Structure formats: C-alpha cells, structure tokens
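Chemist: Just to be clear, the model below is a prediction. Sequence and coordinates:
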Amino acid sequence: MFVRRAYIPDGRLPGPRERAAWPYTVPAVAELAERGLTITRPVTFLVGDNGSGKSTIVEAIAEGFSLDPYGGRAGTATGRPEPTTTVLGEVLRLDTTPAGARMLSGPRLKKKGFFLRAETAFALTQTLGGVPGYWVEDTAAMSHGEGFLAVFAAMMAAPGFYVMDEPEAALSFTACLHLVAVMHALGRNGAQVVCATHSPILASTPGADIIEVGEHGMRRTRWDRLDLVDHWRRYLQRPDAYLRHLLHEDADQYGGAP
Ligand SMILES: Nc1ncnc2c1ncn2[C@@H]1O[C@H](COP(=O)(O)OP(=O)(O)O)[C@@H](O)[C@H]1O
Ligand SMILES: [Mg+2]
C-alpha cells in the first residue's frame, strides 16, 4: 500500500464561511474534513448515489498523490495533462506508507499510478460495447479495446497507486467481472486502488474495503449491506415495484403483481 489516510491538517481546516459553501456542504466531504478517511486495505471502494461526493473525494486524493489523469484532459495546448487543483485537493493531505513516501519524493518517471476519470474511462471503453467475450476468447475484437487493455496491462505491470472514478462507465456485465479480477489481482500484487463506483459488481471485489457515502457522510460497510446492492436485488426481483412510482401505467409485463 502507498496511502493509508487522507485528512485535512489542523492549519488548513476550513473556517465557518468556507464550511457553508461547496464542497463542505457535501456530507461526505464535511466528514472527511472533520475526521479524515483511513484507508485500511489495498482496494477501497467509495460507493454512493450521484451527487454524494465520490468524485470530489477521489479527485482530491488523486491530486494529493500528484497523479496524472489517464488519457489527459481535453484542450491542453501541450497535449500533456495539466496539473489539476480542486478546492478540496488544495487542502487535503495524504499519510503515506514508506513505499508511498519513496514514490512521492522520487522522480516523476518512477511514479507508478494514474487517475482514471469517469469520462476517460468511458472514451476508452466505448469501442468495447457489445463485443462478446472480448477479453479472452474473441482475439479479433481485441484490437478495438487496445486502450482499455493498455490501461489494465499498465496497472498490472507496475504495482502503483491507482485512483479511479466510475471505471464501469460503458462496461458490460462481463467486462465489469473482468475488472473485478484485475482489481483483485492488483490488491494482491502490491498495488493500491481507490475507486469511486456505483457498480454492485465492482464493489463485490473480494477483500475490498467499502465506504458508503451519502447523506449520512461516510460509513464503512459490507457489500451485502449496501443500499445499492439492496436496490439492485429488489429491482431485478420486481422491476414493477420501482417503476410504478415513476410510470403512470401498469408495468406488469415483468410478472410481478401490481
Ligand atoms: N465544481 C463544483 N462546484 C460546485 N458544486 C459542485 C462542483 N462539483 C461538484 N459539485 C456538487 O457537489 C456534489 C457532489 O458531486 P460529486 O463529487 O461529483 O458527486 P458523485 O461523484 O458522487 O456523483 C454534487 O451535488 C455536485 O453537484
Ligand atoms: Mg462522480
């Protein structure tokens, strides 16, 4: 592992005026400011609904480790990713392990890891949509996924610190399963992953730590206690039970009683 805690040091804590404004109005960020976030396992997921603060937090962590966004950002004159600074990233500090400290203080080229943003993950994986058995069986289709493969090959080859924001964007069920295998292997091979997700599949990575973010702030929990998992279970069981609140018509083609 490289990073074991993210926190705002005393001298940098936001004052009352700052706390009344974004990002401290997001409950998970407020809790991060108050208590910090301890990272205990090589693979950590931040799970929560849209708007719960996952991106705000993982971006700040990536910034704290000076990670380059994988795939860069659009519109930079040099073609090189520009260093990002965010309100939270500017004050957040990371407690590193000795390995993390060595990597942070060493030359930039020695740094292993990157920040995979939701948007770049999407761009990489767009071409993979609907390619059956893409990962292993269908070698002819592999060229379509070169970007995707290159990302994971790079991660496997260089055990580093990887921060990801909804890498499941545009991934099929099967591709998500493959990503679980990659995450699991990374955790075992000395890498560290901090990943924002709302995929119940990714969050099921064995041995991973799960932090549920939401109105309550942040709480460590088990996969089978996640709201997300509960919703998916119930939805797959009875789509109509959810849909009848949204649609003004019967949704009884799913077989459930209204
Ligand atoms: N730059 C910003 N300025 C103000 N509000 C923002 C900014 N970025 C995100 N937000 C708000 O902060 C909240 C958390 O956003 P975000 O971290 O992107 O959530 P998530 O990634 O969990 O969907 C949302 O309500 C969002 O609208
Ligand atoms: Mg997000």
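Modeler: Received the coordinates, thanks. Ligands and ions are numbered 1, 2, ... in the order given.

Chemist: just for this structure, where's the confidence low?
Modeler: 70-84, 119-150, 170, 248-258 (pLDDT under 70).

Chemist: so what are the domain limits for it?
Modeler: 3-218, 226-258 (automatic domain parsing).

Chemist: residues contacting whatever residue of the chain ends up closest to ligand 2?
Modeler: Of all residues in the chain, the one sitting closest to ligand 2 is S55 (3.2 Å; Cβ to the ion). C-beta here means a position set from N, CA and C on the backbone, and glycine is covered the same way. S55 sits next to A118, D165, E166, A196 when contact means Cβ atoms under 8 Å, 6 or more residues apart in numbering.

Chemist: Now it. Its backbone dihedrals?
Modeler: Main-chain dihedrals, S55, degrees, to the nearest 10: phi -60, psi -40.

Chemist: And it, how far from G190?
Modeler: In this view, S55 and G190 are 26 Å apart by Cβ to Cβ, to the nearest Å.

Chemist: wait, doesn't D209 sit right on V43?
Modeler: Yes: using Cβ atoms under 8 Å, D209 is in contact with V43, at 7.1 Å.

Chemist: roughly how far apart are the residue of the chain closest to ligand 2 and V47?
Modeler: 13 Å.

Chemist: any shared contact partners between the two?
Modeler: By the contact definition Cβ under 8 Å, 6+ apart, S55 and V47 are jointly contacted by A196.

Chemist: Show me which residues of the longest helix along the chain are buried.
Modeler: Across the chain, the helix with the greatest residue count (assigned by DSSP state H) is helix 173-188. Within helix 173-188, the residues that count as buried by 16 or more other Cβ atoms under 10 Å are A175, C176, H178, L179, V180, V182, M183, H184, L186, G187.

Chemist: That one: how far from the chain's middle?
Modeler: Centroid separation between helix 173-188 and its chain, computed with Cα atoms, centre = their mean, to the nearest Å, is 13 Å.

Chemist: again, but for stretch 231-246
Modeler: For stretch 231-246, the distance to the chain centre is 26 Å (Cα atoms, centre = their mean).

Chemist: what do you get for stretch 184-191?
Modeler: 16 Å.

Chemist: Give me the contact list for it.
Modeler: 41-43, 155-156, 158-162, 192-193, 205-208.

Chemist: Most neighbours out of those, which is it?
Modeler: When neighbours are counted by other Cβ atoms under 10 Å, Y162 leads the contacts of stretch 184-191 with 30 neighbours.

Chemist: Okay then, goodbye and thanks.
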